[in-house]
Each structure stands twice: as C-alpha cells, then as structure tokens.
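Asker: Fold the following for me, if possible:
(chains A and B, ligands or ions: 1)
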Amino acid sequence: MDVPVKIWNREAECLPREELRQLQLKRLQQTLTLVANNVPCYQAKFKESGFQPGDLKTLKDLQHLPFTSKEDLRVNYPYGMFAVPMREVVRIHSSSGTTGKPTVVGYTKADINTWTELVARFMTAAGVTPEDIVHIAFGYGLFTGAFGLHYGSEAIGASVIPISGGNTEKQLMIMQDYRSSALVCTPSYGLTLADRIEKQGIDPRSLALRVGLFGAEPWSEQMRVELEQRLGILATDNYGLSEIMGPGVAGECLFKQGMHLAEDHFLAEIIDPDTGEVLPDGSVGELVITSLTKQAFPMIRYRTRDITRLNYAVCECGRTLARMEKTRGRTDDMLIIKGVNVFPTQIEEVLFQIEGCEPHYQLIVDRANNMDSLEVQVEVNENIFFDEMKQQRQFVVQAEKRLATVLGVSAKVKLVEPASITRHEGKAVRVIDRRQQ
Amino acid sequence: MKVEQISIFIENKSGRLAEVTGVLGDNGINIRALSLADTSDFGILRLIVDDSEKALKVLREQQFTVSITHVIGVAVPDSPGGLTTILQILDKSGVNVEYMYAFVERSGDNAVIIFRFDDIDEAITALANNGINILPSERITSI
Ligand SMILES: [Zn+2]
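Answerer: Residues are numbered from 1 along each chain as shown, chains lettered A, B, ... in the order given. This is a model prediction of the structure:
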C-alpha cells in the first residue's frame, strides 16, 4: 500500500487484546450498574434472570443476561430506556420504523463526543484528511447518518458540504463546482449518481471525488467494484445503527478486509438467531451489541438482527480492533437464492431508485430442476409506463441489470397491472416462496 | 391536426382486452381505432376514441395505467404505392416513425393510417409541404 496508514486514535485502536478485554470488563461493569440503577426495563430483566451486575466477573458472564430486542424499545417508547434524566440529554434521534412507532434514542454531551470520535476514526481509516471536501448526501433529520458523518468530518478538520439527500441534478452541480472529494451516501444512491454522471456525459475523472463512505444498507462486493469503477473512487463500507449510536460502530480501513469495530466502546457477540446461543469466534451469525460507554441510552445485549462474522486477527493496518464482515442482511427477512443471501430491502431500494417513487412489488421465489429462480413482479405506474414498446422493454432490461448487480444473483422482472399484487390487510405480501411448498 | 391517442398497459392474460372495451362501452365511449403491441408478458393497447378525456378518467378509476400521446392520421388512397410515397417523404425529412397502424374509413374508399413519430411537428410540416392530406382530428375521432 503506497498510502501511509493514518490512525485517528492509535492508543485505542491498536490496544493489545488483553488490555482491551480488561478495559471492556471494567466498562461493562459500569454500564450494568448504570442501567440497574436507572432503567426499570433492565431492573426487571436482572430480577427475572437472577443475575445482578455484581455477579459479573468475566466478559463471558454476560451470557447469563437476557437480550434486549427492538420490542423492548417499543414497549418503553419513547423515553423508558433512557438512563439519565432529560436535562442531561442534548440530542434526540430516531430510527426509521417500517412498522408502528419509531425507536427514540438520546445522547448526552459525552455521548455526542464519543460518537464524533468514533466517526472520525473510521473516516480517517478510509483515508479522509483535513484536505478533503466531504459531500454528505444522507438526509439530515431524525436519521443519525448525516449528523454522525458531519461531526466526524469536522473533528478531522475536513470541509463539510451538508447537501443532504435528493435532487441529484443539484448534487452533481455542487460536486463539480465545489470539488467534493469524499462522498457520503447509501451505496444505491452512489449508483444513481454514477448513472446520472454517465447520462450527462461527465467524465468521472474530471471530478475531484476520490473516496466514498457508504453505509445505511447492506451492499455486495460486486456493488463495490461497480462504484469504484464508475465513480473512480475507493469505496468503503461502514456500519452503525441508531439504537446503538448511529454510524461509527464499525468501519473499513484502506485494506477493505472487514470493518474495524470500536470494541473499546461496544462489546460484540455473535449468536445463533434461532437458539440465542453464543457461537464460537469466527462463526457467521447474528450480531449482538452491548454498549460500554454510553450514558443516555445504554444497550445490554441488543439484537441487531444483522448477520455477519467477526475476525479477531490483527489487521495489516496495525489496528487490533476486530473486523466485522459486510453485513449479509437481516435475520428477519433473508432469502437464500442460489446460495446467495437476498434481502427484499435491497430490491426495494433498487426499484425506488429507478421508479422515483415507492415501488409496489412482490418477489416470487421458485425452484425447477434443482435451480432457484427469482421473479420480481413490479406494478406499473404512470412514471414507468411508456407508450413505446422499445422503451418499455428497455426499462425491464435495465431493471434486471441493476438488480443482478446489487443482488449478485439474476432476477427476472415482470411488469404487472396496478393493484394486482396480493395484499393482506392492506399490506402487500412481499415474498412468495414456492420452494417451501 | 394532432389526434389524442390513449395508451393502456395490460397484462397478457385472457379477458383483459374485453375489460378495457367493456369499461369504455359502459360509459358510452366509442372506439375509433385500436392497435395492440405485445410481448409474452404484457401489452400496450393504443386507442383512439370519441372522448379521450372521459376515457382517461374512467380507465384510471378502474386502476388501469394510462397515458396520452399525440399521433396523426393520414388518408392513403387505395392504390398501389400510396403508403410508399408517404414513407419516402418522411425518410427524406429525417423523421422516424415509432409505430403505425391502419384502419378503413366507414365510407370505404380510403385506408387511414395512424402514425406516431419521434418529432410530430417536423412530420406534419414535411407531409403538408409535399401535399399529403393530414386528416383533421375531428374526422378521425368521429369516423
Ligand atoms: Zn485495518
């Protein structure tokens, strides 16, 4: 690697594992005491499990405690899980709940500082420096993404363009005129930008872009290759979820061999999503996170529903922090097609990008001659209906191409009439898996 | 001179065409000309009717996906070479025909051809300059 490795906080990020474990144990005990004193939900959980914070002698003892689920957060909506009085909370964020109420999370001043530090770490790991002009195309609002990257960039000393989401035309103009060098957005929006750049006949090399920090949705290695080639950048992945903190939980270094997880602030476990059993190091399973330093919204064994694997080997970059593989999607809606993990949310995102409005779709998974097939039925609307057959067919071909790139498995797109997709109690049935019948 | 044409997305399954004509018939709308382009999965049905505004409204109410495009109608003499002359004029002026379809006038002497162009204004100018009779919109919608 010709680029020198820069590390934001060498002491923390390269801490020998034994010292790291001691630090984790100390911080875990403090966190358990904090929630035992202040959060009724955890008081009840401790009582139920017969395990008190004082019983924790080793990190392994954490396994005796029950999990925290999204359901716990819903039951305690809005502020029931907060561990500090509201006067100490300086910020509220919330997660995009697809069903029912969103999840409300809070930050103290110290939490915001930790968040800023952790984002600065992964941005530095991806190569962002004070010289960079950071183009933040995440939506600013209750969603944590934009603010997290914003604080991290400023901490590094880079120049932030808080352009927010949408209006691709304007994004491109600003990117050209302001010389944006680091792009922050979802990987699928990155592809939308690439499409538009090509359509307008702009040479990507004429842009100042050199690095992309993509997050907020799972994406494939194939998509990475496409983003890197079409935008002429280094495309890096980062991970976070608002229940835990937002972006900054983990992020890739220049070696792109997994996302370094901020283990001095978060304790990670990999479990079997069905049994809840902790799996041996190196296993693929559901990521469970316990926060170690959070004050306003500590989480004990929070089930992320994200499927991944952790690698504890020291990285070429010198960081000792475990590396988390790209998430393979979520436990609740994962489909395995031809051995590839496919998530309806990925398909939804692709359709949203090409239709320009909320798609109505259904996935039909079938198997013939031992071969899986995926058909994506899309309800036609006036945005994607063309009077000319050539254009209409081109739309189908392009949608199929984009899906294949994003999913890593081919899909047939079938256009259907409006309102023809099965709905159940007003909600569209998203997946029909005929293989199970 | 431009004629409003309604395009409707239909899935390729039996009875869909009849449902469209049924909706129009129930609402007293007459179909003047019709053409269907289809693939194995879906089709695009194109119609010229006597009241396109009303047709659009009732079809949308029945949740059909519809759009309006502009086409022109040309009366082609029922003699050899009639169509060839028209196509040559268009070719020379660089206008592309996206698609076309024909029907016969009730009086029976002329075939009427409906054209959809990439540049309708350019096509109208080219045809008019070469003495081709473009039918007035009312003549087609009230055939
Ligand atoms: Zn590394």
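
Asker: Go through the longest strand seen in chain B and flag the buried ones.
Answerer: The residue-count maximum for a strand in chain B (DSSP state E) belongs to strand B:66-77. Neighbour-count burial for strand B:66-77, with 16 or more other Cβ atoms under 10 Å in any protein chain shown as criterion, is recorded at B:66-67, B:69, B:71-76. Yep, even glycine has a C-beta here, placed from its N, CA and C like the rest.

Asker: what secondary structure does A:W115 sit in?
Answerer: For A:W115, the secondary structure call by DSSP: H, G, I helix; E, B strand; the rest coil comes out as helix.

Asker: Please name every helix or strand in contact with the helix or strand following the longest strand of chain B.
Answerer: Sequence-wise, the next helix or strand downstream of strand B:66-77 (DSSP states H and E) is helix B:82-92. In terms of contacts (3 or more Cβ pairs under 8 Å, 6 or more residues apart in numbering or on different chains; DSSP states H and E), helix B:82-92 is packed against strand B:66-77, strand B:110-117, helix B:120-129.

Asker: Taking helix B:82-92 as reference, get the angle to the last one.
Answerer: I take that to be helix B:120-129. Put simply, helix B:120-129 runs at 120 degrees to helix B:82-92, going by axes from the mean of the first three to the mean of the last three Cα atoms, to 10 degrees.

Asker: Now residue 116. Nearest residue, chain neighbours left out?
Answerer: No chain was given, so I picked chain A. Computed as Cβ to Cβ, 6 or more residues apart in numbering or on different chains, the closest residue to A:T116 that is not its neighbour in sequence is A:Y151, at 4.0 Å.

Asker: Correction: the question concerned chain B.
Answerer: Per Cβ to Cβ, 6+ apart, closest to B:R116 is B:E98, 4.4 Å.

Asker: again, but for A:M223
Answerer: In space, A:M223 is closest to A:P187, 5.4 Å off (Cβ to Cβ, 6+ apart).

Asker: what does B:I89 give?
Answerer: Distances taken as Cβ to Cβ, 6+ apart place B:N130 nearest to B:I89, at 4.7 Å, with adjacent residues excluded.

Asker: For chain B, what lies in contact range of chain A?
Answerer: By Cβ under 8 Å from any Cβ of the partner chain, the residues of chain B that approach chain A are B:5, B:7, B:9-11, B:16, B:37, B:39, B:41-42, B:44, B:46, B:63-67, B:69, B:98-99, B:116.

Asker: Return the subset of those lying in helices.
Answerer: Per DSSP state H, helices hold the following members of those: B:R16.

Asker: Mind naming the longest helix for chain A?
Answerer: helix A:17-38.

Asker: Just the mean pLDDT for that one, thanks.
Answerer: Per-region confidence: helix A:17-38 scores 98 on mean pLDDT.

Asker: Now do it: distance to the chain's middle.
Answerer: Taking Cα atoms, centre = their mean, to the nearest Å, one finds helix A:17-38 lying 25 Å from the centre of the chain it belongs to.

Asker: In terms of secondary structure, what does it contact?
Answerer: helix A:40-49, strand A:285-291.

Asker: And A:R309, how close does it get to A:P102?
Answerer: Distance, A:R309 to A:P102, using Cβ to Cβ, to the nearest Å: 29 Å.

Asker: Likewise for B:P136?
Answerer: 59 Å.

Asker: With neighbour numbers in mind, choose between these two.
Answerer: The neighbour comparison of B:P136 against A:P102 (other Cβ atoms under 10 Å in any protein chain shown) goes to A:P102, with 17 against 12.

Asker: Could you find the closest non-adjacent residue to that one?
Answerer: Closest to A:P102 by Cβ to Cβ, 6+ apart is A:S94, at 4.3 Å.

Asker: try A:K338
Answerer: A:D372 (4.8 Å).

Asker: can you count the residues close to the closest residue to the ion within chain B?
Answerer: Nearest residue of chain B to the ion: B:D41, at 47.8 Å (Cβ to the ion). Using other Cβ under 10 Å, B:D41 has 16 other residues around it.

Asker: how far away is B:F103 from chain A?
Answerer: For B:F103, the distance to chain A (Cβ to the nearest Cβ, to the nearest Å) stands at 18 Å.

Asker: Across the sheet, point out what pairs with the most centrally placed residue in chain B.
Answerer: Geometric centre of chain B, nearest residue: B:I114, 4.7 Å, by Cα atoms, centre = their mean. B:I114 has the following beta-bridge partners by DSSP bridges: B:G73, B:Y101.

Asker: Mind pulling up the pLDDT for it?
Answerer: Listed pLDDT for B:I114 reads 94.

Asker: sorry, back to before: who is the residue nearest to A:K338 paired with across the strands?
Answerer: Applying DSSP bridges, one finds that A:D372 bridges with A:R367.

Asker: Repeat that for the one 5 residues further on.
Answerer: With DSSP bridges applied, A:Q377 shows beta-bridge pairing to A:Q362, A:K414.

Asker: now do B:I31
Answerer: Going by DSSP bridges, B:I31 forms beta bridges with B:V49.

Asker: Would you check how far apart it and chain A are?
Answerer: Using Cβ to the nearest Cβ, B:I31 is found at 17 Å from chain A.

Asker: There's contact between that residue and B:L24 in this structure, I believe.
Answerer: Yes: applying Cβ atoms under 8 Å, one finds B:I31 in contact with B:L24, separated by 6.3 Å.

Asker: Which neighbours do the two have in common?
Answerer: Here B:I31 and B:L24 have B:47, B:49 as joint contacts, going by Cβ atoms under 8 Å, 6 or more residues apart in numbering or on different chains.

Asker: Looking at those two, which has the bigger crowd around it?
Answerer: Shown here are B:I31 and B:L24; by other Cβ under 10 Å, B:L24 has more neighbours (21 against 15).

Asker: Report the residue spans of chain B with pLDDT below the cut-off.
Answerer: Within chain B, the segments meeting pLDDT under 70 span B:107-108, B:143.

Asker: ok and the residue in it nearest chain A?
Answerer: B:S7 (4.2 Å; Cβ to the nearest Cβ).

Asker: Contacts only, for that residue.
Answerer: A:385, A:387, B:44-47, B:66-69.

Asker: what pairs with it across the strands?
Answerer: B:R46, B:S67.

Asker: What degree of burial does the residue nearest to A:P102 show, as a neighbour count?
Answerer: 18.

Asker: quick check: domain ranges of chain B?
Answerer: Each domain of chain B is listed here as a residue range: B:3-69, B:72-141, per automatic domain parsing.
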